[in-house]
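Participant: Quick one, structure for this:
(chains A and B)
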Number of protein chains: 2
Amino acid sequence: RDPGAVAEARAHQDRLTKPRGALGALEEVAVRLAGAAGVSPAPVPAPPALAIFAADHGVHAQGVSPWPQEVTQQMVGNFLAGGAVANAFAAQVRATVTVVDVGVAADLTPAPGLTIRKVAHGTADLSQGPAMTVEQAVAALEAGIEVARELVERGARCLITGDMGIANTTASAALICAFTGQEAAGATGRGTGVDDDTLARKVEIVRRALRVNGLDGGPAVPAAGGNGPEGEPGTAPALRALAAVGGLEHAAIAGFILGGAALRVPVILDGVISGSAALAAAALAPDVVDHCVAGHRSAEPGHALALAHLGLRPLVELELRLGEGTGGLLAHPLVCAAVRVMHEVATFDSAGVSEKEV
Amino acid sequence: RDPGAVAEARAHQDRLTKPRGALGALEEVAVRLAGAAGVSPAPVPAPPALAIFAADHGVHAQGVSPWPQEVTQQMVGNFLAGGAVANAFAAQVRATVTVVDVGVAADLTPAPGLTIRKVAHGTADLSQGPAMTVEQAVAALEAGIEVARELVERGARCLITGDMGIANTTASAALICAFTGQEAAGATGRGTGVDDDTLARKVEIVRRALRVNGLDGGPAVPAAGGNGPEGEPGTAPALRALAAVGGLEHAAIAGFILGGAALRVPVILDGVISGSAALAAAALAPDVVDHCVAGHRSAEPGHALALAHLGLRPLVELELRLGEGTGGLLAHPLVCAAVRVMHEVATFDSAGVSEKEV
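Facilitator: Numbering: from 1, shown residues only, chains lettered A, B, ... in the order given. Predicted coordinates for the structure are as follows:
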């Protein structure tokens, strides 16, 4: 975050032909992105690229979702055929769509638009032990970083996070508890719409996952920033927590965020899956948050907790609870509009408009 | 509002490859627009056209705004030169921009993009008596209706309301009080950012305007729907209230809404100026609300009151307080996305995706 660019962006906002502060939260978006880019105004974040990271979850066996596990694979097919909501929203904002298999249970047939970076055929059941080994989590992180680099190499100037994975709100809730210190009941929601009994089971599963993986009771997983006990690198607790209760798509999205931030390309976060992955990314490298924009706030209660922990204000609040990147896509025109103002709007001087009389 | 199209739209939503209700408030947008269009799915509301209705206000003399009155005229020049925030946002969403002079105090030079339909050189001071004659209000309404018709003839399939008029939040507050029965202090805000003293003066001016025009104390102005006393047409009280405390741009925006609704083209409402104008339009013809989408909710307290009275939920809530149509423009991609889903997304059957197990 470049303080010079931030100051310049704020000063420029106040010279534009509009009352000070009249663009509300969008002014802060433009200022933050200038700080992240290291230049004011920040480049207009277009064209955008959506990456949908798909994976399955061992915890599905615990009955935390009413949807069959094969829906993950079927929805990958739907994305590739252009038939999902994410495709319609991507068409609206002219985003490319890349589907990344980082851990779908079934073996997928190669197809245009599909990147196969499968780390495992789904995770292990997080309520019985670690969902992934640390090596698997790192491999998924690396896949996400590489996808970010490839999309930027192909011209993307904004990355949008997306996910597909039946049962992945359970892993998200566990990650949010681990990284924020929140209790399971406060962070666990109905996902795609489970009934009261399933919700109660889901909360109990999240609680058990935290317990069996040693993530309960204590404070939140510390962010990196120094070495841990016995010379353990500062990132080790965050990696262990991500591996223990995350999903392969969560790890990949965390990597995607790290990759975008390293390339100084803004990352628009989608819903609770992306928000929980961003907690992991921020624990690994706190500065990445400067490059993130919260696209929306979903109906999942854990999402608000994650965004508050990250210090991000969501742009769209319409009770979406779909995932796939849909909330991130909807926010893209708002982010572009915020930045375009800095490039295109006249100043009071240049337009010959009188200023407010003090 | 066509109940068959509404029912068909709801049923179609539930067949699409997404959990039921997962698109939150956007599902209702798609359903409402189907009802308004009389067909499901509704046509995608593009291309969009923004009309910025500009006018001046006699009440400016009461010191209700820190901005000089000539800023109205100067900002018209800024719009025509492409230098305002509305231009940047319009470019983002590919909307055309038409500026309509319905009552700027100065005589404007004809220019491309400027439609001159001047009814008067600003209104009279609403705190001393009626701001307009009923004839002037009707002339401005007609101008708005004609602009809607012209834009639709030129291909627009979505109309976005915009305004420019220094001091026009004062008239908006008075209209909101008149049409909702709200007290002045609850409906009057800081507009472009006035200080406490000016706000107190503004509230007092609104109160006085309602009193001198016989709009205080009683219930809200009744909506049309029958003849008034002595055979007076049912629209007379609404027209009188609009003329008494409205602005020429408010009347023109009300006409623009009526025109869009008559042509069954959706109208995206901007902020508090448009919201107060929509109250007048709805009082004249209650069904027009079915064709309206609330683009955003501004920081003005009266706006939330107006939207609640209209029964509309805003799509963008980012504390914008600029007017010009900026909040309406930001909402346009969201509205399109909501409707595109109905055209482009696969059903569970067609995509071969398994449904939720009950």
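Participant: For the stretch 201-350 of chain A, what lies in contact range of chain B?
Facilitator: Residues of the stretch 201-350 of chain A found near chain B (CB under 8 Å from any CB of the partner chain) are A:299, A:315-322, A:326, A:329-330, A:333-334, A:336-337, A:340-341, A:343-346, A:350. Glycine gets a C-beta too; all of them are placed from N, C-alpha and C.
Participant: Would you list the buried entries among these?
Facilitator: A:299, A:315-322, A:326, A:329-330, A:333-334, A:336-337, A:340-341, A:344-346 (16 or more other CB atoms under 10 Å in any protein chain shown).
Participant: Which residue comes closest to the residue nearest to the spatial centre of chain A once chain neighbours are left out?
Facilitator: Computing the C-alpha centroid of chain A and ranking residues by CA atoms, centre = their mean puts residue A:274 first, at 2.7 Å. The shortest distance from residue A:274 to any non-neighbouring residue, by CB to CB, 6 or more residues apart in numbering or on different chains, is to residue A:161 (4.1 Å).
Participant: The one you found reaches residue A:254, doesn't it?
Facilitator: No: using CB atoms under 8 Å, residue A:161 makes no contact with residue A:254, being 9.6 Å away.
Participant: one step back: now the residue nearest to the centre of chain A: phi and psi?
Facilitator: Residue A:274 adopts backbone torsions of phi -70, psi -40, taken as degrees, to the nearest 10.
Participant: ok, now which ones touch it?
Facilitator: Contact analysis of residue A:274 by CB atoms under 8 Å, 6 or more residues apart in numbering or on different chains lists A:161-163, A:253, A:325, A:328.
Participant: So which of those are in strands?
Facilitator: The strands, defined by DSSP state E, take in A:161-163 from the contacts of residue A:274.
Participant: quick check, nearest of the residues you listed to residue A:104?
Facilitator: Closest approach between these and residue A:104, by CB to CB: residue A:163, at 12.0 Å.
Participant: Now do that closest one against residue A:322, distance only.
Facilitator: Residue A:163 is 10 Å from residue A:322, where distance means CB to CB, to the nearest Å.
Participant: show me where the stretch 201-350 of chain A has helices.
Facilitator: Using DSSP state H, counting those that start in this stretch, the helices of the stretch 201-350 of chain A run over A:236-245, A:248-262, A:272-284, A:301-310, A:326-344, A:348-351.
Participant: And the closest residue to residue A:349 other than its chain neighbours, how close does it get to residue B:71?
Facilitator: Leaving out its chain neighbours, the residue that sits closest to residue A:349 by CB to CB, 6+ apart is residue A:15, at 7.3 Å. In this structure, residue A:15 and residue B:71 are 15 Å apart, going by CB to CB.
Participant: Ignoring the adjacent residues along the chain, who's closest to residue A:212?
Facilitator: Here the residue nearest residue A:212, using CB to CB, 6+ apart, is residue A:129, at 6.1 Å.
Participant: likewise residue A:29?
Facilitator: Excluding its sequence neighbours, the residue lying closest to residue A:29 (CB to CB, 6+ apart) is residue A:338, at 4.2 Å.
Participant: who's in contact with that neighbour?
Facilitator: Counting by CB under 8 Å, 6+ apart, residue A:338 touches A:23, A:26-27, A:29-30, A:33.
Participant: Just the closest of the residues you listed to residue B:53, please.
Facilitator: Among the contacts of residue A:338, and counting by CB to CB, the member closest to residue B:53 is residue A:23, at 21.0 Å.
Participant: And that closest one, what's its pLDDT?
Facilitator: On pLDDT, residue A:23 comes in at 97.
Participant: Kindly report the same for residue A:229.
Facilitator: Reading off the model, residue A:229 has pLDDT 54.
Participant: Show me which residues of the stretch 51-200 of chain A sit near chain B.
Facilitator: A:66-68, A:70-71, A:74-75, A:77-78, A:81-85, A:87-89, A:91-93, A:192-193.
Participant: And the strands in the stretch 101-250 of chain A?
Facilitator: Ranges of strands within the stretch 101-250 of chain A are A:114-116, A:158-164, based on DSSP state E, counting those that start in this stretch.
Participant: what stretches of chain A score poorly on pLDDT?
Facilitator: Counting by pLDDT under 70, the ranges of chain A that qualify are A:225-233, A:358.
Participant: Please render the helices of the stretch 201-350 of chain A as JSON lines that adds distance to residue A:39 to the earlier fields.
Facilitator: Converted to JSON lines, these look like this (distance: least, CB to CB, whole Å):
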{"stretch": "helix A:236-245", "distance to residue A:39": "30"}
{"stretch": "helix A:248-262", "distance to residue A:39": "16"}
{"stretch": "helix A:272-284", "distance to residue A:39": "23"}
{"stretch": "helix A:301-310", "distance to residue A:39": "24"}
{"stretch": "helix A:326-344", "distance to residue A:39": "11"}
{"stretch": "helix A:348-351", "distance to residue A:39": "21"}
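Participant: The ones you listed: which one's closest to residue A:151?
Facilitator: Taking those one by one with CB to CB, helix A:248-262 is closest: 8.7 Å.
Participant: and that closest one, what other elements does it pack with?
Facilitator: strand A:48-55, strand A:96-103, helix A:134-153, strand A:158-164, helix A:168-180, helix A:236-245, strand A:267-269, helix A:272-284 (3 or more CB pairs under 8 Å, 6 or more residues apart in numbering or on different chains; DSSP states H and E).
Participant: 6 Å instead?
Facilitator: For helix A:248-262, the packing partners by 3 or more CB pairs under 6 Å, 6 or more residues apart in numbering or on different chains; DSSP states H and E come out as strand A:48-55, strand A:96-103, helix A:134-153, strand A:158-164, helix A:272-284.
Participant: Make JSON lines from these and add distance to residue B:45 to it.
Facilitator: Output for the helices and strands packed on helix A:248-262, formatted as JSON lines (distance: least, CB to CB, whole Å):
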{"stretch": "strand A:48-55", "distance to residue B:45": "22"}
{"stretch": "strand A:96-103", "distance to residue B:45": "23"}
{"stretch": "helix A:134-153", "distance to residue B:45": "30"}
{"stretch": "strand A:158-164", "distance to residue B:45": "23"}
{"stretch": "helix A:272-284", "distance to residue B:45": "29"}
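Participant: Show me the one of the ones you listed that comes nearest residue B:235.
Facilitator: Among the helices and strands packed on helix A:248-262, strand A:48-55 comes nearest to residue B:235, with 47.4 Å by CB to CB.
Participant: Can you dump the C-alpha atoms of the closest one in PDB for me?
Facilitator: The C-alpha trace of strand A:48-55 is given here as PDB (Å, rounded to 0.1, in the frame of the first residue of the first chain):
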ATOM      1  CA  PRO A  48     -11.900  -9.100 -15.800                       C
ATOM      2  CA  ALA A  49     -11.300 -12.800 -15.500                       C
ATOM      3  CA  LEU A  50     -13.300 -15.200 -13.300                       C
ATOM      4  CA  ALA A  51     -11.700 -18.400 -12.100                       C
ATOM      5  CA  ILE A  52     -14.100 -20.900 -10.600                       C
ATOM      6  CA  PHE A  53     -12.100 -23.400  -8.400                       C
ATOM      7  CA  ALA A  54     -13.900 -26.700  -8.100                       C
ATOM      8  CA  ALA A  55     -13.400 -29.400  -5.500                       C
END
